[in-house]
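Participant: A structural model of the following input is requested.
(one chain, ligands or ions: 1)
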Amino acid sequence: MYIPHAQRYQQMEYRRCGNSGLKLPALSLGLWHNFGEVDPLEKCRTILRTAFDHGITHFDLANNYGRPAGSAEEKIGTILDKDFRDHRDELIISTKAGYTMWEGPYGDWGSKKYLVSSLDQSLRRMKLEYVDIFYHHRPDPETPLEETMSTLDLVVRQGKALYIGISNYPARQTQKAVDLLKQLGTPCLIHQPKYSLFERWVEKGLLDVLGNEGVGCIPFSPLAQGLLTNKYLHGIPPDSRAARHLGNGAMEESSVTESQLLKVRQLNELATRRGQSLAQFSLAWILKDPRITSVLIGASKPEQITDSIKCLENYQFSKEELNRVEEILSEP
Ligand SMILES: NC(=O)c1ccc[n+]([C@@H]2O[C@H](COP(=O)([O-])OP(=O)(O)OC[C@H]3O[C@@H](n4cnc5c(N)ncnc54)[C@H](OP(=O)(O)O)[C@@H]3O)[C@@H](O)[C@H]2O)c1
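Facilitator: Coordinates of the predicted model:
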């Protein structure tokens with residue numbers, strides 16, 4: 001029987017999500033990879049227990065996570081039964097819909113038909129009565145934004161989700177979505193964008209919209225899928241995500257370029273001078289901005305969580321350090 005660590009809430013910082021009543025851990029754990037049907041149950045359990053033992057109360061999913069799609073939700077359903085049912089009220093579980101999930105015109109994008117059906121399926125797979133956060137996973141160029149947003153409002157009114165969020169929406173569309181949701185009476189809790197030292201689009205408008213509107217922000221792939229760690233400093237290890245050919249948007253060997261590695265090595269030197277691992281440095285660099293609620297990490301081993309979490313020991317950066325980061329990143 002699993003007994004969570006008694007000191008778990010003393011180890012974590014909790015940040016308020018925008019103007020809402022909800023606080024999230026400064027680090028959250030995503031189940032995009034490493035939690036599919038093919039991944040051993042006991043390993044998945046250990047990773048989730050390690051996270052919770054360190055105060056990570058937020059697990060992030062989507063309808064299509066895991067191989068095959070949907071299997072990460074099934075796996076967490078099993079693990080909740082085994083380890084966490086008594087702790088449901090201590091957990092924030094999110095899921096999403098927006099990418100291709102089943103055949104035909106109702107298994108993708110942002111219609112009411114797709115979103116309602118998908119959330120019902122997710123709840124069945126996870127054996128949950130409700131999720132804490134339900135996201136629209138990506139903007140739909142065809143469905144009226146009003147339909148998608150009113151569906152997010154609907155699922156909250158139906159009690160199937162407590163809060164709603166959007167993911168991958170650019171700044172202007174985010175503003176429109178936030179305005180619509182305000183009118184509907186279900187405020188947008190959070191935005192989930194891709195953001196890391198290597199992926200900085202959110203700095204060109206999105207973070208300002210979120211800050212002004214009091215919407216939280218939970219960046220995904222903050223370690224650039226592992227590239228912004230010490231993992232690839234000396235080649236591509238066989239057990240790494242890049243070597244495993246996972247598909248479904250996972251990084252490939254070919255995406256690890258020499259020019260990126262040059263930057264990674266220089267960033268690693270800077271991290272070492274601060275007494276941090278590169279993973280800790282990369283996460284701290286995101287968490288320095290108070291508009292960030294939480295960084296959404298992935299992990300293939302429990303030790304990666306215990307390493308990464310130490311980023312909380314120092315997320316202050318001197319002007320010189322920040323300038324050096326810009327110098328390194330602006331190299332060709
Ligand atoms: N909304 C969206 O469209 C979207 C898209 C993608 C992801 N997400 C969410 O974001 C979550 C995180 O994404 P991600 O997995 O790409 O995040 P990430 O944190 O950038 O990458 C995770 C990978 O980095 C490596 N790693 C992590 N900590 C490490 C450490 N301390 N030292 C060395 N290596 C370390 C591991 O790679 P190895 O596996 O090689 O060991 C791990 O699998 C997903 O699970 C999902 O919930 C959302």
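
Participant: what is the residue most central in space within the chain paired to in the beta sheet?
Facilitator: Nearest to the geometric centre of the chain sits L296, at 3.4 Å (CA atoms, centre = their mean). Taking DSSP bridges, one obtains S28, F220 as the residues bridged to L296.

Participant: now it: how far from E147?
Facilitator: 27 Å (CB to CB, to the nearest Å). C-beta coordinates here come from the backbone N, C-alpha and C atoms, glycine included.

Participant: ok, back up a step: so what's the residue nearest to the centre of the chain scoring on pLDDT?
Facilitator: Per-residue confidence for L296 comes out at a pLDDT of 98.

Participant: ok, it - contacts?
Facilitator: The contact partners of L296, by CB atoms under 8 Å, 6 or more residues apart in numbering, come to S28, L29, G30, D60, Q192, I218, P219, F220, S221, P222.

Participant: correct me, but the first one touches F52?
Facilitator: No: because the distance of 11.5 Å does not satisfy CB atoms under 8 Å, S28 is recorded as not touching F52.

Participant: picking that back up, neighbour count and distance to the ligand added to the contacts of L296, as CSV?
Facilitator: Compiled in CSV, the contacts of L296 are given as follows (neighbours: other CB atoms under 10 Å; distance: CB to the nearest ligand atom, whole Å):
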residue, neighbour count, distance to the ligand
S28, 22, 8
L29, 24, 7
G30, 23, 2
D60, 26, 4
Q192, 26, 5
I218, 28, 8
P219, 24, 8
F220, 21, 3
S221, 23, 4
P222, 28, 5
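
Participant: got the residues of the stretch 201-332 of the chain near the ligand?
Facilitator: By the rule CB under 6 Å from any ligand atom, the part of the stretch 201-332 of the chain lying against the ligand is 220-226, 229, 231, 240-241, 279, 296-300, 304, 307-308.

Participant: In PyMOL, how would I select the buried members of these?
Facilitator: To isolate the buried ones among these in PyMOL, judged by 16 or more other CB atoms under 10 Å, type:
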select buried, resi 220+221+222+223+224+225+226+229+231+240+241+279+296+297+298+299+300+304+307+308
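
Participant: The stretch 101-250 of the chain: strands as residue ranges?
Facilitator: 131-136, 161-167, 188-192, 216-217 (DSSP state E, counting those that start in this stretch).

Participant: Highest mean neighbour count out of those strands?
Facilitator: Compared across these, strand 188-192 shows the largest average neighbour count, a mean of 27 (mean count of other CB atoms under 10 Å).
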